[in-house]
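In: I need the structure of the sequence given here:
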Amino acid sequence: MATSIISVVGWHNVGKTTVIERLVAELKRRGLRVATIKHTRGNFALDQPGSDTYRFAQAGSDVVVISGQDQIAFIERRPELMLDEIVARLPQDLDLVIAEGFKRAAAPKIEVLGLEEDERIARPDELLAIISRRAPAGCPADTPCFSPDDIAALADFLRDQGLISR
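Out: Residues are numbered from 1 along each chain as shown. This is a model prediction of the structure:
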């Protein structure tokens, strides 16, 4: 079975990262292997100026890898990849990939709504569920809706949908 991918989308500062953080913790509690992928609009830096890996990158290395006792990190300079291209580079033994953002990617979406937002980002045909503090009153009748405080129910829903195994 191929690794399932979901994308958590929503307007700025509605709590997407908090929902993902809670969902990852719940899935890890269930014994699953999970990857998270964050999309950002701008540039970002993972390396600290002056470190060896920073110096390697500054020298022109296209890929810099740092490997430690129980973790490894790759930093690659290249044009932006699409979500499916990133997922293809991940380990094959993952149970779920959770992306934050990637609103144009062809992946089922969980949309996080703030207290004020009524305009949706996800198209109805790609919307898997909604997370809302106004649940269930602020949710459409045809879309499963969860409170950000009931992540276990969201994980059960993902299991029931066949997106995770436990």
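
In: Mind listing the residues bridging to the most centrally placed residue in the chain?
Out: In the chain, the C-alpha nearest the mean C-alpha coordinate belongs to residue 99, at 2.3 Å (CA atoms, centre = their mean). Beta-bridge partners for residue 99, by DSSP bridges, are residue 7, residue 37.

In: For it, give me its contacts.
Out: 5-8, 36-39, 83, 105, 107 (CB atoms under 8 Å, 6 or more residues apart in numbering). Yep, even glycine has a C-beta here, placed from its N, CA and C like the rest.

In: so how far is residue 113 from it?
Out: Distance, residue 99 to residue 113, using CB to CB, to the nearest Å: 18 Å.

In: Sketch out the strands for the chain, chain order is fine.
Out: 4-9, 34-38, 63-67, 72-76, 96-100, 109-113, 127-132, 145-146 (DSSP state E).

In: which stretch in the ones you listed has the least confidence?
Out: Note on the strands of the chain: lowest mean pLDDT is at strand 72-76, with a mean of 87.

In: what comes into contact with that strand?
Out: 46-47, 53, 57, 62-66.

In: partners of it, with directions?
Out: strand 63-67 (antiparallel).
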